[in-house]
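Visitor: Kindly return the folded structure for what I paste below:
(2 chains)
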Number of protein chains: 2
Amino acid sequence: LNAQNREHASADTIRWPNGAGYMNGAYMPVTEVRIPVTDWGYRRSDATYDVVSVWGGAFFRLDDHIKRFRRSMDSLRLKPKESDEEIKAILHRMVGLSGLRTAYVGVDCLRGRSGPGERIHPVNARNYIVAFASPYHSLMSDEVVARGAHMIVASTPRIPQRSVDATAKNFHWADMTRASFEAEDKGADNPVLLDYDGYVTEGPGFNVFTVTDGVVATPDFNMLEGISRLSAIDLCEELGLRCEIRKISADELREADEIFVTSTAGGIIGVSRIDGRIMNNDRPGPISQKIRETYWSKREEGWHADPVNYDVTMD
Amino acid sequence: LNAQNREHASADTIRWPNGAGYMNGAYMPVTEVRIPVTDWGYRRSDATYDVVSVWGGAFFRLDDHIKRFRRSMDSLRLKPKESDEEIKAILHRMVGLSGLRTAYVGVDCLRGRSGPGERIHPVNARNYIVAFASPYHSLMSDEVVARGAHMIVASTPRIPQRSVDATAKNFHWADMTRASFEAEDKGADNPVLLDYDGYVTEGPGFNVFTVTDGVVATPDFNMLEGISRLSAIDLCEELGLRCEIRKISADELREADEIFVTSTAGGIIGVSRIDGRIMNNDRPGPISQKIRETYWSKREEGWHADPVNYDVTMD
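Guide: Residues are numbered from 1 along each chain as shown, chains lettered A, B, ... in the order given. Reported below is the predicted structural model:
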């Protein structure tokens, strides 16, 4: 991948093909972006973030990601000095400096912490942005994507919306991590988490869709409103598929004809097993595959694409 | 404070009086302890920690903290290379190198992340320890401690035990942070969070106690089992006070004769207002003060003290 990336950008502008970063107004290799151990962004997980992909040298739905990122920051009362336009310019410049033609791009806003002598309270912290671009990776390996993911319904319930706003993208993943270990123990690839009423929420890094009798459905509550989820909903409309946004019980999930998940890290990925039950002859279902193929062919064609300017140099 | 600290240790052993740190087998100034932005310890808040205080040149209940830290790590399936004895030796050496006679000492275990080419799953991560010692600070200023803290019952409920194990000390503080802003908006110092059934859990960095008709009580569920909480329970016994460990409703809290909170960052701190209601003539209550004074006088006398060896040099 790196060799391919190098081909596509001129040698004198590629600085950090293994990953570039941004912090405190400066650009640097990704390995140099490091959070102080005393920063509340780490120490209280008091931060929000977004992840946008670069494919074929272009961002995908960058404006949608930045709008969501700003909503997340507002929800948590985080006010960095950079405007939306400045954040976009930073991400463009950072990817440009890396030379990466396909990339996984994270952008975080951290609380910081109050200074010496100040009252210890988040109102006294200076909030700030960090970002990084690293080589693109999928949530699941090519092999898992081809055979379909094996999922379980986790016994750990998702943190409720009333305690932590799931629509403000956050690092509160202890429930997800515990569920990932449960999946591992049961020989599955990934877990799906339910809310306290037994309805489907999301999994670690992805939204969930079911297909039953040709009708697509996805949850409406207690989960991140994913940009890839939005893309899948748009593609259903384009493909003439009915897509319902509503509660989905664990039983409906377990009895679905097909299941697929959506993520910036992989797009649309079909599921072939749920709690050990084999679906679609142990392969991703036909409707899931149709949506996946449409998603990637449209991306190749420049759907919602915002080309990166690779002709950048360090100041 | 720093001037005082310098007096008590020989000049050639003090390296970092503003704070010392430990990471990857090396000792350094606290400002150099920084977490990679891609590390799951930050990026998924996949970490646990403990905080122990140093007072008068000695750790307080170090063994109790290390035992709890190990239980937290086991609960999250974190396995660093250091044994309990090695962790204790690291903390002693780190405080020794700082020269600090009073210190706030944090020790964290982070997940790390899976390496390039490995399947992206926490089972593939190399877990590791970081630590730091900085000048001691209290949860609340001397002025607030003297007049008694002003508390509110927060409208944001605490993350439930079934989603995130509160007894494994963790950085999932978004609920606490939102509640801290609510307290700020209402002109109070700190919030107390309830569980989903309306019972008292804890606040940001402290456990909660009530005193009603001379009987002390503290919650038994969905909160950290604080070492300072344990000390307060022990002191009740020593002072001949009955202390009940059980559910406490929001109404019982609001109608209590006294409230106090416990924290490694400050010990025992009395409360003088709850949801605007003034208690004890707007001062910490007499039983709360008796426990506070006993706590600090016993600490001055070396209660549970484990002296730091300050005669250390860099290798």
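Visitor: if I look at A:S228, how far off is A:R70?
Guide: 19 Å (Cβ to Cβ, to the nearest Å). Yep, even glycine has a C-beta here, placed from its N, CA and C like the rest.
Visitor: More neighbours: those two, which one.
Guide: A:S228 (23 against 18; other Cβ atoms under 10 Å in any protein chain shown).
Visitor: What residues does the stretch 201-315 of chain A have near chain B?
Guide: Residues of the stretch 201-315 of chain A found near chain B (Cβ under 8 Å from any Cβ of the partner chain): none.
Visitor: where does the stretch 201-315 of chain A dip in pLDDT?
Guide: A:315 (pLDDT under 70).
Visitor: go again using 90 as the cut-off
Guide: A:309, A:311-315 (pLDDT under 90).
Visitor: Which single residue in it comes nearest to chain B?
Guide: Going by Cβ to the nearest Cβ, chain B is nearest to A:P204 of the stretch 201-315 of chain A, at 8.1 Å.
Visitor: same question, chain A
Guide: Closest residue of chain A to chain B, Cβ to the nearest Cβ: A:R34 (3.4 Å).
Visitor: out of everything not next to it in sequence, what's closest to that residue?
Guide: Of all residues not flanking A:R34 in the chain, B:R34 sits nearest, at 3.4 Å (Cβ to Cβ, 6 or more residues apart in numbering or on different chains).
Visitor: again, but for A:R178
Guide: In this structure, A:R178 finds its nearest non-sequential neighbour in A:T156, 4.8 Å apart by Cβ to Cβ, 6+ apart.
Visitor: Tell me the confidence at the one you found?
Guide: Confidence at A:T156, expressed as pLDDT, is 98.
Visitor: any idea how far A:D195 is from it?
Guide: Applying Cβ to Cβ, the value for A:T156 to A:D195 is 12 Å.
Visitor: Ramachandran angles for A:Y295?
Guide: Main-chain torsions, A:Y295, degrees, to the nearest 10: phi -60, psi -50.
Visitor: My guess is it contacts A:I269. True?
Guide: No - contact between A:Y295 and A:I269 fails when scored by Cβ atoms under 8 Å: they sit 10.3 Å apart.
Visitor: What ranges does chain A have for its helices?
Guide: A:2-7, A:40-43, A:62-75, A:84-98, A:142-147, A:174-185, A:227-238, A:250-254, A:286-300 (DSSP state H).
Visitor: Quick one: these as TSV, columns for distance to B:F209 too.
Guide: Output for these, formatted as TSV (distance: least, Cβ to Cβ, whole Å):
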stretch	distance to B:F209
helix A:2-7	58
helix A:40-43	25
helix A:62-75	33
helix A:84-98	45
helix A:142-147	51
helix A:174-185	27
helix A:227-238	45
helix A:250-254	40
helix A:286-300	54
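Visitor: what residues does the stretch 1-150 of chain A put near chain B?
Guide: Within reach of chain B by Cβ under 8 Å from any Cβ, the stretch 1-150 of chain A has these residues: A:21, A:30-31, A:33-38, A:41-46, A:76-77, A:106, A:108, A:111, A:119-123, A:130, A:132, A:134, A:137, A:139, A:141.
Visitor: let's see 6 Å
Guide: Applying Cβ under 6 Å from any Cβ of the partner chain, one finds that the stretch 1-150 of chain A approaches chain B through A:33-37, A:42, A:44-46, A:122-123, A:130, A:132.
Visitor: residues in contact with stretch A:69-86?
Guide: With contacts defined as Cβ atoms under 6 Å, 6 or more residues apart in numbering or on different chains, stretch A:69-86 is touched by A:T48, A:D50, A:I66, A:C109, A:N127, A:Y128, A:I129, A:D165, A:A168, A:K169.
Visitor: Inside strands: which ones of the residues you listed?
Guide: Among the contacts of stretch A:69-86, the residues falling in strands (DSSP state E) are A:T48, A:D50, A:C109, A:Y128, A:I129.
Visitor: Which one of those residues is nearest to A:S288?
Guide: Closest approach between the ones in strands among the contacts of stretch A:69-86 and A:S288, by Cβ to Cβ: A:D50, at 25.5 Å.
Visitor: and the closest residue in space to the closest one that isn't next to it in sequence, how many residues sit next to it?
Guide: Closest residue in space to A:D50, ignoring its immediate chain neighbours: A:F69 at 4.1 Å, by Cβ to Cβ, 6+ apart. A count of nearby residues for A:F69, using other Cβ under 10 Å, gives 24.
Visitor: With A:N124 instead?
Guide: Residues near A:N124, counting by other Cβ under 10 Å, number 12.
Visitor: That one contacts A:G115, correct?
Guide: No - with contact defined as Cβ atoms under 6 Å, A:N124 does not reach A:G115; the gap is 7.2 Å.
Visitor: quick revisit: with neighbour count added, can I get the ones in strands among the contacts of stretch A:69-86 in JSON lines?
Guide: Below are the ones in strands among the contacts of stretch A:69-86 laid out as JSON lines (neighbours: other Cβ atoms under 10 Å in any protein chain shown):
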{"residue": "A:T48", "neighbour count": "27"}
{"residue": "A:D50", "neighbour count": "25"}
{"residue": "A:C109", "neighbour count": "26"}
{"residue": "A:Y128", "neighbour count": "19"}
{"residue": "A:I129", "neighbour count": "21"}
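Visitor: Which member of those is positioned nearest A:P307?
Guide: Nearest member of these to A:P307, counting by Cβ to Cβ, is A:D50, at 19.5 Å.
Visitor: Dig out what the closest one forms beta bridges with.
Guide: On the basis of DSSP bridges, A:D50 takes part in beta bridges with A:V107.
Visitor: That one reaches A:V107, doesn't it?
Guide: Yes - using Cβ under 6 Å, A:D50 makes contact with A:V107 at a distance of 5.4 Å.
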